[in-house]
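Visitor: Here is my input, please return the structure:
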Amino acid sequence: MPRGQKSKLRAREKRHQARSEAQRAQDAQATAAEEEQPSTSSSSPSGGSSQDEEKPSTSQAQPNTGRYHRTPLDDTAILLVQFLLRKYNMREPITKEDMIKHVIKKHKVHFREILRKASELMVLAFGIDLKEVDPTRHRYALISKLQRTNDDRLRGEEIMPQTGLLMTVLCVIFMKGNCATEKDMWEVLNVMGIYADKKHFIYGDPKKLITEDWVQERYLLYRQVSNSNPPCREFLWGPRAYAETSKMKVLEFLAKVHDTVPSAFPSWYEEALQDEEERARARFTALVHTGALATGPSMANFGSFSHLY
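Guide: As a prediction, this is how the structure comes out:
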């Protein structure tokens, strides 16, 4: 097959896969929204990157070449997401026993598969990790990809539905060299069915959310590109994004979407590791300056801080 035709086929398969992932996430959000609270956004990033060498070396899930069809296990996973959100918002413990008793029921034999699907949906739709914190008693916890700061609305009493979409936007910026043009951003979001000029059925006006709301909340910087002709604008991480998440967490989010590990993206992984070490050094320095750590000759020879994270 000619190279041009192969490229078009691969691009078409990527679009199908991204739409399927986005649809699953949106199904989870819509179901949760009906029971829990008014929702405003979410989805998952496609592989929209200019760095072709960053494609993961591990095997990918087979692309969906047709319309996405939900299975009974998919439906149960979506119901489990709704159950987990309710437990989280009511600050009740999450146990395997409760999940089987109240949601999974007759599908008990498929518990691991359903839990895996629900865990993926929690990340894609809400930017929330489902972690087993007590393997003996099979207790679980939901951990946000964002560490909330001083906004009362975001202190953790309730899941923020926009987190998944925000992680997507931050991921695109990171993939594009820490600065993404408006054109780059919407090319990725369009693949997921999110358009600047169309209302989204979950969160309303995506352009306002991204170019105004998150800019005001300091998650994003949105500025004019210098000497651009015709004039164009670009996105960067804002100070609140740097405070509440990290490049490694964003890369983990991307890896989760592609069913792989962060190290499958070598150069981004290296940059994320460097960012983690710089953060560790900054934390260590702050502790020294505040007197929280003793200083002395032993500290002077302290080289690598990588073990702090």
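
Visitor: neighbours around Lys105, how many?
Guide: Look at Lys105: counted by other C-beta atoms under 10 Å, it has 10 neighbours. For the C-beta atoms, the positions are set from N, CA and C on the backbone; glycine is no exception.

Visitor: repeat for Thr290
Guide: 8.

Visitor: just Leu146 next, same as before
Guide: 22.

Visitor: Look at it and give its secondary structure.
Guide: Three-state call for Leu146 (DSSP: H, G, I helix; E, B strand; the rest coil): coil.

Visitor: What separation is there between it and Thr260?
Guide: Distance of Leu146 to Thr260, given as C-beta to C-beta, to the nearest Å: 22 Å.

Visitor: Give the residue spans of the stretch 1-150 of the chain that score low on pLDDT.
Guide: 1-69, 147-150 (pLDDT under 70).

Visitor: Would you state the helices of this protein in chain order?
Guide: Assigned by DSSP state H, the helices in the chain fall at 3-35, 72-89, 96-99, 111-126, 163-175, 182-191, 206-208, 214-216, 239-244, 247-257, 266-289, 297-300.

Visitor: Mind putting these into a markdown table with mean neighbour count and distance to Tyr140?
Guide: Compiled in a markdown table, the helices of the chain are given as follows (neighbours: other C-beta atoms under 10 Å; distance: least, C-beta to C-beta, whole Å):
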| stretch | mean neighbour count | distance to Tyr140 |
| --- | --- | --- |
| helix 3-35 | 17 | 17 |
| helix 72-89 | 20 | 8 |
| helix 96-99 | 16 | 8 |
| helix 111-126 | 22 | 9 |
| helix 163-175 | 26 | 18 |
| helix 182-191 | 19 | 31 |
| helix 206-208 | 18 | 31 |
| helix 214-216 | 16 | 30 |
| helix 239-244 | 17 | 23 |
| helix 247-257 | 23 | 17 |
| helix 266-289 | 15 | 26 |
| helix 297-300 | 8 | 39 |
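
Visitor: Of all these, which one is nearest Ala141?
Guide: In terms of C-beta to C-beta, the element of these nearest to Ala141 is helix 72-89, at 8.8 Å.

Visitor: That closest one packs against which elements?
Guide: If contacts are counted by 3 or more C-beta pairs under 8 Å, 6 or more residues apart in numbering; DSSP states H and E, helix 72-89 sits against helix 3-35, strand 94-95, helix 96-99, helix 111-126.

Visitor: Now with 7 Å, please.
Guide: Where contact means 3 or more C-beta pairs under 7 Å, 6 or more residues apart in numbering; DSSP states H and E, helix 72-89 is packed against helix 3-35, helix 111-126.

Visitor: can you pull the contacts of His120?
Guide: I think there's a mix-up here, since residue 120 is Glu and not His. Applying C-beta atoms under 7 Å, 6 or more residues apart in numbering to Glu120 gives the contacts Lys256.

Visitor: any idea how far it lies from Ser263?
Guide: Going from Glu120 to Ser263 by C-beta to C-beta gives 19 Å.

Visitor: now do Arg281
Guide: Distance from Arg281 to Ser263, by C-beta to C-beta: 22 Å.

Visitor: Touching, Glu252 and Pro262? I think so.
Guide: Yes: counting by C-beta atoms under 7 Å, Glu252 does reach Pro262; the two are 5.6 Å apart.

Visitor: returning to what we had before: just so I know, which of the helices of the chain lies nearest Arg137?
Guide: helix 96-99 (8.6 Å).

Visitor: In CSV, list the C-alpha atoms belonging to the closest one.
Guide: Only the C-alpha atoms of helix 96-99 are listed here, as CSV (Å, rounded to 0.1, in the frame of the first residue of the first chain):
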residue,chain,number,x,y,z
LYS,A,96,-14.6,-4.7,47.4
GLU,A,97,-17.4,-6.3,49.4
ASP,A,98,-19.6,-3.2,48.9
MET,A,99,-18.8,-3.0,45.2
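
Visitor: And that helix, what does it pack against?
Guide: Against helix 96-99 (3+ C-beta pairs under 7 Å, 6+ apart) you get no helix or strand.

Visitor: Other residues contacting it?
Guide: 80, 83, 138.

Visitor: Which residue comes closest to the last one once chain neighbours are left out?
Guide: Spelled out, it's His138. Once flanking residues are discounted, His138 sits nearest to Lys96: 3.7 Å by C-beta to C-beta, 6 or more residues apart in numbering.

Visitor: Next: the second one.
Guide: For Phe83, the nearest residue in space outside its immediate sequence neighbours is Val103; the separation is 4.9 Å by C-beta to C-beta, 6+ apart.

Visitor: cool, and Gln224?
Guide: Per C-beta to C-beta, 6+ apart, closest to Gln224 is Arg233, 5.7 Å.

Visitor: isn't Leu221 right up against Pro239?
Guide: No: using C-beta under 7 Å as the test, Leu221 is too far from Pro239 to be in contact (8.6 Å).

Visitor: Good, we can wrap up now.
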